[in-house]
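1. Need coordinates for the following:
(chains A and B)
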There are 2 protein chains.
Amino acid sequence: MANKVSGSEIEALIQLLAKLPGLGPRSARRAALHLIKKKDALLYPLANAAREAAELVGECSTCGNVDTSDPCTICQDPRRDHSTIVVVEDVADLWALERAKAVNSLYHVLGGTLSPLDGIGPEDLNIDKLIDRAHQPGDGEKRLELILAVNATVEGQTTAHYITDRLSGIDVKITRLAHGVPVGGELDYLDEGTLAAAIKSRSDF
Amino acid sequence: MANKVSGSEIEALIQLLAKLPGLGPRSARRAALHLIKKKDALLYPLANAAREAAELVGECSTCGNVDTSDPCTICQDPRRDHSTIVVVEDVADLWALERAKAVNSLYHVLGGTLSPLDGIGPEDLNIDKLIDRAHQPGDGEKRLELILAVNATVEGQTTAHYITDRLSGIDVKITRLAHGVPVGGELDYLDEGTLAAAIKSRSDF
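-> Residues are numbered from 1 along each chain as shown, chains lettered A, B, ... in the order given. This is a model prediction of the structure:
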């Protein structure tokens, strides 16, 4: 339809933008129009940035992070604690933890969670490489710690249990994130499970 | 921040995506990650589509529509009624009317509305060209009709009045869109102005 009135190049751009998470057909049209109106400030730079990212960015063969170098900047960073590996489902989770400056450790990106219903088994995730890393000696004398920072969902917890099973017999410390009231959160809006966990893990004031 | 952990190319892509309407910093990160994961299916095609659109798409010198040809496909289309020009604020409105197959006419895109508070005067809009078009003889014998399809906002109506003033003395028919109940709309949710307009413009059943 828009093809007929406005040239297939615009239509192609709209179709691609509509495939982005968070953009539907309507907002993709708005975004395309915005880009076309700001050709020099947005459309050309986006074309260049997309091409550069496509050509330069790849997966880290150690941890599964996305970066322009392999091993990635994080894996190569000597100032990080190499005896702690935070296991996350997705690169987005890694980014979130980095933004929060929550840890100064290494990461391991699983690339998803076990989900038999969706046909996602252990071989589809980046788990074998995690076991390999767990076998390697840690940073000097220090014992390796794996922090399982998976989502607090059924799939996330199933994946955490599977990983723990696979790691049995290997000398690593396995920990998980604390459950509780989100900082700034109001009790009134929290679900029962979170409240129960917060009570159970209460600490001295 | 993300710069430090994931390469400036990814960061550049995120920054640009965050400037799109409908995407904030968080959804821009999600979108960038989605693109990077689907390099061949999305990121390269997006880079190409953005470049092609940037190079080929321009403004129609007649009506202000965006297209790869000038005059645009619509202005060149002999099967359209060249004696009717629908005046819209924005290309998005033109697209909406075309999707609705509401008219089979020509268009004129103003590029905004008069807004003294924002410093937008008649010289900032595509109005002079509209007056020129109104002066030209219509399609054969038929009198030219301008349908003022501006938004039902204060700015839209101010702009419509200004255009009507400028057109006084020129032999054109000027019409505006009907006000009333949206098709599929529930009366309960409509504002008083719309309901009053719908009563006032009622028709025989």
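
2. Walking through chain A, point out its strands one by one.
-> Applying DSSP state E to chain A gives strands spanning A:58-59, A:66-67, A:81-88, A:105-109, A:145-148, A:173-176.

3. out of those, nearest to chain B?
-> Shortest distance between chain B and these, using Cβ to the nearest Cβ, is found for strand A:66-67: 5.1 Å. Just so you know, the C-beta spots here come from the backbone N, C-alpha and C atoms, and that holds for glycine as well.

4. quick one on the thing from earlier: as TSV, the strands of chain A with mean pLDDT and mean neighbour count would be great.
-> Conversion of the strands of chain A to TSV gives the following (pLDDT from 0 to 100; neighbours: other Cβ atoms under 10 Å in any protein chain shown):
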stretch	mean pLDDT	mean neighbour count
strand A:58-59	93	16
strand A:66-67	94	22
strand A:81-88	94	21
strand A:105-109	96	24
strand A:145-148	94	20
strand A:173-176	92	14
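
5. Figure out which of those is closest to A:Leu20.
-> Set against A:Leu20 and scored by Cβ to Cβ, the strands of chain A come closest in strand A:66-67, at 16.6 Å.

6. Contacts for that closest one, please.
-> Applying Cβ atoms under 8 Å, 6 or more residues apart in numbering or on different chains, the external contacts of strand A:66-67 come out as A:57-60, A:72-74, A:91, B:5-7, B:10, B:33, B:36-37.

7. Between those residues, which sits nearest B:Asp204?
-> B:Leu33 (58.0 Å).

8. Tell me how many other residues surround the closest one.
-> By other Cβ atoms under 10 Å in any protein chain shown, 20 other residues sit near B:Leu33.

9. who are the neighbours in contact with it?
-> Applying Cβ under 8 Å, 6+ apart, the residues near B:Leu33 are A:Val66, A:Asp90, A:Val91, A:Ala92, A:Trp95.

10. If the closest residue in space to A:Gly64 that isn't next to it in sequence is in a bridge, with which residues?
-> Nearest non-adjacent residue to A:Gly64, counting by Cβ to Cβ, 6 or more residues apart in numbering or on different chains: A:Val109, 3.4 Å away. Listed beta-bridge partners, A:Val109: A:Val88 (assigned using DSSP bridges).

11. What distance do you get for A:Val109 to A:Thr158?
-> Using Cβ to Cβ, to the nearest Å, A:Val109 is found at 18 Å from A:Thr158.

12. follow-up on the earlier one: confirm for me that the residue nearest to A:Gly64 is in contact with A:Thr62.
-> No. Counting by Cβ atoms under 8 Å, A:Val109 does not reach A:Thr62; the two are 10.1 Å apart.

13. on that earlier part again, reformat the strands of chain A as CSV; add distance to A:Leu187.
-> CSV is the format used below for the strands of chain A (distance: least, Cβ to Cβ, whole Å):
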stretch, distance to A:Leu187
strand A:58-59, 41
strand A:66-67, 38
strand A:81-88, 28
strand A:105-109, 31
strand A:145-148, 27
strand A:173-176, 23
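
14. Figure out which of those strands is closest to B:Asp132.
-> Nearest of the strands of chain A (Cβ to Cβ): strand A:66-67, 53.3 Å.

15. Tell me the strands beside the closest one, with direction?
-> strand A:58-59 (antiparallel).

16. quick one: contacts of the partner strand?
-> Applying Cβ under 8 Å, 6+ apart, the set of residues contacting strand A:58-59 is A:Asn65, A:Val66, A:Asp67, A:Thr68, A:Asp70.

17. Show me the beta-bridge partners of the third one.
-> For A:Asp67, the beta-bridge assignment (DSSP bridges) gives partners A:Gly58.

18. That one and A:Thr73: what is the separation?
-> Taking Cβ to Cβ, one finds A:Asp67 at 6 Å from A:Thr73.

19. show me the contacts for the nearest residue in space to A:Lys39 that is not next to it in sequence.
-> The shortest distance from A:Lys39 to any non-neighbouring residue, by Cβ to Cβ, 6+ apart, is to B:Ala54 (5.3 Å). Applying Cβ under 8 Å, 6+ apart to B:Ala54 gives the contacts A:Lys39, A:Leu43, A:Tyr44, A:Ala47.

20. Which of these fall in helices?
-> A:Tyr44, A:Ala47 (DSSP state H).

21. Count the neighbours of A:Arg26 for me.
-> A:Arg26 has 12 nearby residues by other Cβ under 10 Å.

22. any idea how far B:Ala32 is from it?
-> According to Cβ to Cβ, A:Arg26 and B:Ala32 sit 21 Å apart.

23. Need phi/psi at A:Leu190.
-> phi -90, psi 150 (degrees, to the nearest 10).

24. nope, A:Ile127 is what I meant
-> phi -90, psi -40.

25. So which residues of chain A form helices?
-> Under DSSP H, chain A gives helices at A:2-6, A:8-17, A:25-37, A:44-56, A:73-76, A:91-99, A:128-135, A:154-167, A:192-200.

26. Out of those, flag the one nearest B:Leu187.
-> helix A:25-37 (25.3 Å).

27. can you pull the buried residues of that closest one?
-> The neighbour-count check on helix A:25-37 (16 or more other Cβ atoms under 10 Å in any protein chain shown) flags A:Ser27, A:Ala28, A:Arg29, A:Arg30, A:Ala31, A:Ala32, A:Leu33, A:His34, A:Leu35, A:Ile36 as buried.
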